[in-house]
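S.K.: test case, fold it:
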Amino acid sequence: MSRIGKLPITVPAGVTVTVDENNLVTVKGPKGTLSQQVNPAITLKQEGNILTLERPTDSKPNKTMHGLYRALVNNMVVGVTDGFTKTLEMVGTGYRAAAENGKKLTINIGFSHPVILDAPDDITFETPNQTTIVIKGSNKQQVGNLAADIRAIRKPEPYLGKGIKYQNEHIRRKEGKAGKK
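M.R.: The predicted model follows:
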């Protein structure tokens, strides 16, 4: 049995989960609506506020799909109730970011021009200070992809550690020329 797939999903109050005939799961909650197409081999059963996923056989593809779709549906339930956040930090002299209305992010990262990003639907930007960027949204995949795209603008380099990094990311540092002797 899949350790992830066999875990039940608790649907909190205020969240509705609907499954139509071709396994399209739609989750509605206070932070929005998310939907995901589930493989037809996986069956979803809802009893009260408990949602369980079952697979037809113990074959390898069914086991992997069982855990995958359970995790995706659980992330949708968590996303419409609490939401997801990613925090990025900018390290370097003169590096700064500013969010306008939560939908536009302007980053000065040492280029000759500022980098301006627009947020997709259901995603907001916050800048608690000039060197911190907080990305919030209900879709975990979108939040993670947007954070990775922003980090890719200027990845942290190993000699001085300058660049954009995740909040708890550890950068492996190198010695440089002086350590070669």
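S.K.: can you give me the helices in this protein?
M.R.: Assigned by DSSP state H, the chain shows helices spanning 60-81, 140-153.
S.K.: ok, the lengthiest strand in the chain: who's next to it in the sheet?
M.R.: Among all segments of the chain classified by DSSP state E, the strand with the greatest residue count is strand 84-91. Taking DSSP bridges as the criterion, strand 84-91 pairs within the sheet with strand 132-137 (antiparallel), strand 163-166 (antiparallel).
S.K.: how distant is the shortest one from the center of its chain?
M.R.: Relative to the centre of its chain, strand 163-166 is centred 16 Å away, using CA atoms, centre = their mean, to the nearest Å.
S.K.: what residues does that strand touch?
M.R.: Under the criterion CB atoms under 8 Å, 6 or more residues apart in numbering, residues 86-92, 95, 109, 133, 147, 150-151, 153-157, 171 lie in contact with strand 163-166. Where C-beta positions appear, they are placed from N, C-alpha and C, glycine not excepted.
S.K.: and Pro61, how far is that from Val15?
M.R.: For Pro61, the distance to Val15 under the criterion CB to CB, to the nearest Å works out to 30 Å.
S.K.: just want to know which of those two has more residues nearby.
M.R.: Each of Pro61 and Val15 has its neighbours counted (other CB atoms under 10 Å); Val15 has more, 18 against 11.
S.K.: in the sheet, who's paired with the closest residue to that one other than its chain neighbours?
M.R.: In space, not counting the residues next to it along the chain, Val15 is nearest to Gly29; the distance is 4.2 Å by CB to CB, 6 or more residues apart in numbering. When bridges are called by DSSP bridges, Gly29 pairs up with Gly32.
S.K.: right, and Gly29 touches Val80 too?
M.R.: Yes. Counting by CB atoms under 8 Å, a contact exists between Gly29 and Val80, whose distance comes to 2.9 Å.
S.K.: what touches both of these two?
M.R.: Once CB under 8 Å, 6+ apart is applied, the residues that Gly29 and Val80 both contact turn out to be 15, 138.
S.K.: bridged to the closest residue to Glu126 other than its chain neighbours, which residues?
M.R.: Beyond its immediate neighbours in the sequence, the residue positioned closest to Glu126 (CB to CB, 6+ apart) is Val134, lying 4.1 Å away. Per DSSP bridges, the residues bridged to Val134 are Thr87, Glu126.
S.K.: list the contacts of Val134.
M.R.: With the criterion set at CB under 8 Å, 6+ apart, Val134 makes contact with 85-88, 125-128.
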